[in-house]
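> got a predicted model here, sequence first, then my questions.
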Amino acid sequence: MVVASPSPSTTRLSVQAEAIGPDTTTLRSLDWDRSRFDIEFGLRNGTTYNAFLVRGAKTALIDSSHLKFEQLWLPLLEGQIDPQKIDFLIVSHTEPDHSGLIGHLLERNPAIEIVGSKVAIAYLDDQVHRPFQSRAVKSGEELDLGVNPDSGIQHRFEFLSAPNLHWPDTIFSFDHGTGILYTCDAFGLHYCSEAIFDTDPGAIAPDFRFYYDCLMGPNARSVLQALKRIDGLPPITTIAVGHGPLLRHHLELWVNDYRDWSSSRSSSETYAAICYLSQYGFCDRLSQAIARGVGKAGADVQLVDLRATDPQELSALIGEAQAVVVPTWPAEPEAELQASIGTLLASLKAKQWVASYDAFGGNDEPIDSLASQLRSLGQKEAFDPLRIRQVPDGNDYQRCEEAGTDLGQLLTKAKTIAAMKALDGDLDRALGRLSGGLYVVTAQQEGRSSAMVASWVSQASFDPPGITVAVAKDRAIEALMQVDDRFVLNILRNDNHQDLLRHFLKRFPPGADRFAGVSTLEGAAQGGPVLGDALAFLGCRVVQRMEGPDHWIIYAAVEEGNVSDTEAATAVHHRKVGNHY
């Protein structure tokens, strides 16, 4: 292993190089302290950016690194090979965390041939601002590096198109010589460790699932299509991901997880089409937040890139959707985009739900004009236009996610009503006899906050003191209750809880301040507001999450607490039915 220490001008950045197969080396950039990534979700364990060097008779580099690693990664590469001896740069996709140093590579080797999808090559034209040699490839096409004279192994890459995982330009690369499949973002996870491989699946499983939910889940249909292509390959020895440890020791576990999760998210023919414009403003990230909200409500979702989707496919995706969410587009769109917009509008159907959001691209068509145009076509408005008046922050992403959840609940309303009627009457009444206390869970982090009424709460351990809380998957607060996040459990008092109950049970519009008009004790606890009229509070830290069919079971360690009145009793909730709130 080759490891470089952090640069004096940076904090907690390091790199490492290690062989992962015959003639194959990974070049990893370790970003130990990165706390936010992509859309609205935070990172608990940093992340890595992985690149790979494969030597046959010719040499290929797969991806590069983030621009912040310029002073560390380029010397690491040069310690492995003279950049002028690299024949090909395979670009899995062009998001800056993987392509940030391509311009620097071209400075060192202008003759390098860049291999990627047609969309990726077009994106790079706009990124590197200099001429370069390129080869556009698609599924089934190959790149033969020839036989390595030392190992005798022929390294022949087969490419698999994997659009929307999670950008429209993504390709997978399979080396028939080693059985290594290079997937960039797919199957990845944000987890920073010097461990090269998945030697401890229990340690990385929560981050693997969290990454899937945030980035891959909204593209579940595309995940299943990619899995079909993977199933046609010879045996895979390793999945070389773009983030986190490489997957080798538990391949069946990770692949089956993707298959199961994606199948459950694509179980019906009804879905919401969330449209976006790749490489325009904050459109891709905002669309992902909306899509994640739709998915939390148990509805199917499909992200649709208006720039890169084939016209015939675009027409089908829009026409077959139950709901369509549209971004603002440039006030003067180029001809190809204008044609896609025309296809989009022509494909809308009378009974669809529609909605719009600001892309914040700098020169957008006004959102009121877009919303008015959609209303004039006769569609039903799913939620009020999402106006973004600044560079999006955590509150904006939360508002988008909550709007998506409202839309998802509209789409699943009939299924929810049917489920409520499904239980046997006696069983339903018996379940309803389970009683519980009344609580308000609050959480706050980095300018985002949320709250919910809870009654499914129980003490779960003595040492350390711990509790469990059941949180419905479509609750907005769920995003703030990931492993290591903190929250506050406010225990309501029996003689003074009705006002708080009415307040927190009401339906809040997306992004609304849950605590407006409510007395809170600022700074009383970590993790969230303490309610001034609560009987007691417990400050908790999430230790583990267990997934149920429609709830997450959160186990949390209790770190602090206090009681305002030792004589008062806890409010108790007695239900009449056992299959809905």
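Looks like it arrived, so ask away.
> CA atoms only: put stretch 220-230 into CSV for me.
As requested, the backbone C-alpha atoms of stretch 220-230 are provided in CSV (Å, rounded to 0.1, in the frame of the first residue of the first chain):
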residue,chain,number,x,y,z
ALA,A,220,-35.4,2.3,-8.8
ARG,A,221,-36.6,1.5,-12.3
SER,A,222,-33.2,2.4,-13.8
VAL,A,223,-31.5,0.3,-11.1
LEU,A,224,-33.5,-2.8,-12.1
GLN,A,225,-32.6,-2.2,-15.8
ALA,A,226,-28.9,-2.0,-14.8
LEU,A,227,-29.2,-5.2,-12.7
LYS,A,228,-30.6,-7.0,-15.8
ARG,A,229,-27.5,-6.0,-17.7
ILE,A,230,-25.2,-7.1,-14.9
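> and that stretch, which residues are buried?
Residues of stretch 220-230 classed as buried: 220-223, 225-227, 229-230 (neighbour count, 16 or more other CB atoms under 10 Å). Where C-beta positions appear, they are placed from N, C-alpha and C, glycine not excepted.
> repeat that for stretch 392-409.
By neighbour count, with 16+ other CB under 10 Å as the criterion, the buried positions of stretch 392-409 are 392, 394-409.
> picking that back up, could you dump the buried residues of stretch 220-230 to JSON lines with pLDDT?
JSON lines is the format used below for those (pLDDT from 0 to 100):
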{"residue": "220", "pLDDT": "87"}
{"residue": "221", "pLDDT": "83"}
{"residue": "222", "pLDDT": "87"}
{"residue": "223", "pLDDT": "92"}
{"residue": "225", "pLDDT": "88"}
{"residue": "226", "pLDDT": "93"}
{"residue": "227", "pLDDT": "95"}
{"residue": "229", "pLDDT": "93"}
{"residue": "230", "pLDDT": "95"}
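> out of those residues, which are inside helices?
Among those, the subset assigned to helices under DSSP state H consists of 220-223, 225-227, 229-230.
> looking at the residues you listed, which is nearest residue 514?
Lowest distance from residue 514 to those (CB to CB) belongs to residue 220, with 30.0 Å.
> spit out the contact partners of that closest one.
261-263, 265-266, 295, 300-301 (CB atoms under 8 Å, 6 or more residues apart in numbering).
> and those residues, which two are the farthest apart?
Those two in the contacts of residue 220 that are separated most widely, counting by CB to CB, are 263 and 301, at 14.4 Å.
> with neighbour numbers in mind, choose between the two.
Using other CB atoms under 10 Å as the criterion, residue 263 and residue 301 rank with residue 301 on top: 31 against 13.
> doesn't residue 266 make contact with the more buried one?
No: at 9.3 Å, residue 301 and residue 266 do not qualify as touching, with contact defined as CB atoms under 8 Å.
> just the pLDDT for the nearest residue to residue 194 once chain neighbours are set aside.
Distances taken as CB to CB, 6 or more residues apart in numbering put residue 16 closest to residue 194, at 6.5 Å, once the chain neighbours are dropped. At residue 16, the model reports a pLDDT of 97.
> same thing with the one 5 residues further on?
The score at residue 21 is 97. That number is its pLDDT.
> ok, residue 421 next?
Each residue has a pLDDT score; the one for residue 421 is 65.
> likewise for residue 42?
Listed pLDDT for residue 42 reads 68.
> burial measure for residue 280, as a count.
Around residue 280 there are 22 other residues, counting by other CB under 10 Å.
> just the one 4 residues further on next, same as before
If you count neighbours by other CB under 10 Å, residue 284 ends up with 22.
> could you do residue 424 as well?
Other residues close to residue 424 by other CB under 10 Å number 9.
> residue 471: which of the buried residues of stretch 220-230 is nearest?
Of those, the one sitting nearest to residue 471 (CB to CB) turns out to be residue 220, at 21.8 Å.
> measure that closest one to residue 212 for me?
When distances are taken as CB to CB, to the nearest Å, residue 220 and residue 212 turn out to be 9 Å apart.
> now list whatever residues contact both of these two.
A shared contact of residue 220 and residue 212, defined by CB under 8 Å, 6+ apart, is any residue touching both; here these are residue 261.
> domain assignment for this structure?
Here the domain assignment for the chain is 2-264, 268-415, 425-573, based on automatic domain parsing.
> what about the residue lying closest to residue 314 once chain neighbours are set aside, which SS state?
Leaving aside its sequence neighbours, residue 314 sits nearest to residue 343 (CB to CB, 6+ apart; 5.2 Å). Recorded secondary structure, residue 343: helix (DSSP: H, G, I helix; E, B strand; the rest coil).
> surely residue 343 and residue 315 touch.
Yes: contact between residue 343 and residue 315 holds when scored by CB under 8 Å: they sit 5.5 Å apart.
> which one of the two has more residues nearby?
Summary of the neighbour comparison: residue 343 and residue 315, criterion other CB under 10 Å, with residue 343 having more neighbours (19 against 16).
> how close does that one sit to residue 305?
Distance check for residue 343 against residue 305: by CB to CB, it reads 13 Å.
> ok, of the contacts of residue 220, which come out buried?
For the contacts of residue 220, a neighbour count by 16+ other CB under 10 Å gives the buried set as 261-262, 265-266, 295, 300-301.
> tell me where the model's unsure across the stretch 401-550 of the chain.
Per-residue confidence for the stretch 401-550 of the chain (pLDDT under 70) gives these ranges: 416-423.
> with that, I have no additional questions.
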